[in-house]
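Enquirer: Can you look at this prediction? I've put the sequence above it.
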Amino acid sequence: MRTVNHRDRIAEWCMRVLTYAIVAAVAYIILHIVWNGAPAMSWAFLTEMPRNSGVEGGIYPAIVGTGLLVLGTMVVALPLGMACAIYLSEYASQSRFTSFIRLAIATLAGVPSIVFGLFGLGLFVIFLNFGSSILAGSLTLACMVLPTVIVASEESLRAVPRSQREGSLALGASQWYTVSHNVLPYAVPGMVTGSVLAVGRAAGETAPILLTVAASFLPRLPQTVYDQVMALPYHLYILATQNPDAEAARPNQYGTALVLLLLVLGVNCAAILIRYRFRKKYKW
Amino acid sequence: MSIESVGIRRRYVDRFMRWTFTAMASVTILIVLAIFLFLFKESLIFLREEGIMPLLSTRWSPTSVQEPGFGVLPLVTGSILVTLLAGVVAVPLGIAGAVYIAEVARPLEREILKPFIELLAGIPSVVLGFFGLVVVVPAVKAAFGLSSGMNALSGAAVLGLMAIPTIISVSEDALRAVPASYRNASLALGASHQQTVWRVLVPAAIPGITAAVMLGFGRIVGETMAVMMVTGNAAKMTFVPTDSVRTMTATIAAEMGEVAQGSVHYSALFCVGVLLFFATFLLNLLALNVFKRYGGRA
């Protein structure tokens, strides 16, 4: 039963207004970028090299650079993160070691992205002598997204009911047999989508790649993993703040912002949709 | 192959897999240790040459030829000012949003609102910074009649927005975790729905909401790109919202590209990084403890 009186009504409306103010702000930001970015969008913009420090021409090398960084991040972060999640969900006991790992994950999740940049600079760029390169950038980003990959994967593993494991163990199967045959097949789709979501966010990060890989203007494609690349978020930053003629660069700024936004939101939406479909597939 | 040999092989595989997963999991600990190690290693250059006192001065002008200043205090106050102002935006909006979504919204409305607000968390910070630069900065400039809209206030507006999704989703979970008996008891005593929400549910969920706010603050303190693009980056001690400020994060990001590796300035930036690392580490640890102590669920 819910009694409704005037004061309740007023309080509800206040909260409704505040909540929809947030919604309006989100909608306004997205529409503003889409509206102003759409005119800049063309096949040439996506496939041409930038000219005149990016004020003219396209953003092709930045798209390729971001793609390579995301790929590199995935190759490192997915196996590591998933293995860690499997350990935490299937093997870990209530030990001090486990609580250390949990603390480490919580710490990593809270480290500011620019500090990851400093760390990447100190370890990968200078100490391991990778230089400012795709390799250093991918490894730095991988460290950064690791906690998100772990949390998402663990959630998906825990969604598999206990009885599934107990039944297998009771029949005499070993732990690994149980995990590989009775848990992972049901958990892997969720693990992958959660992880892709995490890595998709990495595509939009600027601060870590600022110090470890990004080149402000490099109108050619990388040849090896030791090369620098341009990247969409850094390109947008440079165009928006370091350009003497900011007004002339507006179309390309909005265009880059739109491509980046679509890329990151697209990955997010895809992951949400896939997860929704898998959730419907297995009903425990 | 006999059944026994299959069994033995399985047992070895089993043990091998357990070791593999344990080893992979310990990589997380190694990364945290490596972050500690390398931040300290690079800041040692400064501490060895200049000591710790220069860091405590109020002047940050590392490129000055006559007398370089490495005082981090203006950067710290810059970060604090922007964070507190952003909190003024994000905390009321975030809590109102969480209560609305958890308690007032109809189920369908909730299903639409939640992912929509989560979209906000998905927008890259450099895009929000760009939006701040072309929309918020001119608006702030016009609204306050300033010569430039690049100030702490613009930074707070953009960063406040970024903290909202974190505050909403964690607070909403906390509100949902309040036992149904609390609500039923309150309603049975004749309290109205809103009285129940604000006098029973919210107080019961306060640990979770506090944790949500701290996590949100952690996010704001560590945010780099958006804040660098809109706050104007003047390194001076001030608590006036319409002044231009420079945060710790922005200082590192803006100056690291121009320093020589191994120089005093380079190392000073790592010192700022260490400070930043500990500030966010403490905020997160605090949030985690509040959560654990009061039986909140993550």
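Expert: Thanks, I have the structure now.
Enquirer: Which stretches in chain A count as strands?
Expert: A:50-51, A:56-57 (DSSP state E).
Enquirer: Check whether stretch A:125-133 comes near chain B.
Expert: Yes: using C-beta under 8 Å from any C-beta of the partner chain, stretch A:125-133 reaches chain B at A:126, A:127. C-beta coordinates here come from the backbone N, C-alpha and C atoms, glycine included.
Enquirer: May I see the buried residues of that stretch?
Expert: By neighbour count with 16 or more other C-beta atoms under 10 Å in any protein chain shown, stretch A:125-133 contains the buried residues A:125, A:126, A:130, A:132, A:133.
Enquirer: and of the residues you listed, the nearest to residue B:146?
Expert: Nearest to residue B:146 among the buried residues of stretch A:125-133 is residue A:132, at 37.9 Å by C-beta to C-beta.
Enquirer: Tell me if I'm right that the closest one and residue A:212 touch.
Expert: Yes: counting by C-beta atoms under 8 Å, residue A:132 does reach residue A:212; the two are 6.3 Å apart.
Enquirer: Compile the buried residues of stretch A:125-133 into JSON lines and extend it with columns for pLDDT.
Expert: Shown next, in JSON lines, are the buried residues of stretch A:125-133 (pLDDT from 0 to 100):
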{"residue": "A:125", "pLDDT": "91"}
{"residue": "A:126", "pLDDT": "90"}
{"residue": "A:130", "pLDDT": "89"}
{"residue": "A:132", "pLDDT": "87"}
{"residue": "A:133", "pLDDT": "91"}
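Enquirer: Go through the strands of chain A and pick out the most buried.
Expert: Of these, the one with the most neighbours on average (mean count of other C-beta atoms under 10 Å in any protein chain shown) is strand A:50-51, at a mean of 18.
Enquirer: For that one, give me every contacting residue.
Expert: Strand A:50-51 has contacts (C-beta atoms under 8 Å, 6 or more residues apart in numbering or on different chains) with A:56, A:57, A:58, A:59, A:60, A:61, A:62, A:217, A:219, A:230, A:235, A:252.
Enquirer: Now the one residue in the stretch 51-200 of chain B that gets nearest to chain A. Nearest residue, chain neighbours left out?
Expert: Across the stretch 51-200 of chain B, no residue is closer to chain A than residue B:124, which sits at 2.7 Å (C-beta to the nearest C-beta). Spatially, and ignoring its direct neighbours in sequence, residue B:124 is nearest to residue A:204 (2.7 Å; C-beta to C-beta, 6 or more residues apart in numbering or on different chains).
Enquirer: give the contact list for the one you found.
Expert: A:232, A:233, A:260, A:263, A:264, B:122, B:123, B:124, B:125, B:126, B:127.
Enquirer: So the last one sits against residue A:254, correct?
Expert: Spelled out, that is residue B:127. No: Residue B:127 is beyond contact range of residue A:254, at 10.3 Å (criterion: C-beta under 8 Å).
Enquirer: so what's in contact with the two at the same time?
Expert: With C-beta under 8 Å, 6+ apart as the test, residue B:127 and residue A:254 both reach residue A:33.
Enquirer: so who does residue A:249 touch?
Expert: Residue A:249 is in contact with A:54, A:55, A:239, A:240, A:243, counting by C-beta under 8 Å, 6+ apart.
Enquirer: Let me know the closest of those residues to chain B.
Expert: Nearest to chain B among these, counting by C-beta to the nearest C-beta, is residue A:240 at 5.1 Å.
Enquirer: burial measure for that closest one, as a count.
Expert: By other C-beta atoms under 10 Å in any protein chain shown, the residues close to residue A:240 number 23.
Enquirer: what comes up buried for stretch A:220-234?
Expert: When burial is assessed from 16+ other C-beta under 10 Å, stretch A:220-234 yields the following buried residues: A:222, A:227, A:228, A:229, A:230, A:231, A:232, A:233, A:234.
Enquirer: And that stretch, end to end?
Expert: One end of stretch A:220-234 sits 16 Å from the other (C-alpha to C-alpha, to the nearest Å).
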